[in-house]
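*Asks:* dropping a prediction and its sequence here:
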Amino acid sequence: MHRIKNMNEVLTGIFLILVALLAFYLSWPLSSGTQIGLGPGFIPRLFALIQLVIGVVLIGSGLMTAGEPADAWQLRPLLLILASITFFAVSIERLGMVIAVVGLVLISCAANRGTTFKEAVILAAGSAAVSAFLFVKLLGLTIAVWPPALLGN
């Protein structure tokens, strides 16, 4: 019987495998393609396969090599990260990309007690600017940058 030497790697590997299996399940109805071209299910399945392999490798590594002991779970960071993702999902259409990204970053930064407010604001402003430039200007996605009500839409 094998003793787990690195619980962090084993748990990470299990998580990656579970997410990969979910991706396989969700992409199952999509066509992988034909001899002429790739279908919409090819890339999700390819990434899920890569993720599955990485998960298996991590589990194997965690069983073979020693690592740091697993940290205790802390509820505050977990809830704040989930809250930041929820805020972004709820606010992106109503408040625009800038406010959604700023809120996402500020709430996420609150999960780490070592992050100062000044650092969080600089990161939020930079992330919002880069996101707006990349997604709206370079890629041409039709995402509102500012709240539609502010722009009179």
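*Replies:* Arrived safely. Residues are numbered from 1 along each chain as shown.

*Asks:* any idea how the chain splits into domains?
*Replies:* 7-64, 75-151 (automatic domain parsing).

*Asks:* longest helix anywhere in the protein?
*Replies:* Across the chain, the longest stretch assigned as helix under DSSP state H is helix 75-109.

*Asks:* give me the buried positions along it.
*Replies:* The neighbour-count check on helix 75-109 (16 or more other C-beta atoms under 10 Å) flags 80-81, 83-84, 87-88, 91-92, 95-109 as buried. Just so you know, the C-beta spots here come from the backbone N, C-alpha and C atoms, and that holds for glycine as well.

*Asks:* now do that helix: which elements does it pack against?
*Replies:* helix 117-131, helix 148-151 (3 or more C-beta pairs under 8 Å, 6 or more residues apart in numbering; DSSP states H and E).

*Asks:* what angle do it and helix 117-131 make?
*Replies:* Orientation of helix 75-109 against helix 117-131 (axes from the mean of the first three to the mean of the last three C-alpha atoms, to 10 degrees) gives an angle of 60 degrees.

*Asks:* which residue ends up closest to the midpoint of this protein in space?
*Replies:* The chain has Ile85 as the residue nearest its centroid, 8.9 Å off, counting by C-alpha atoms, centre = their mean.
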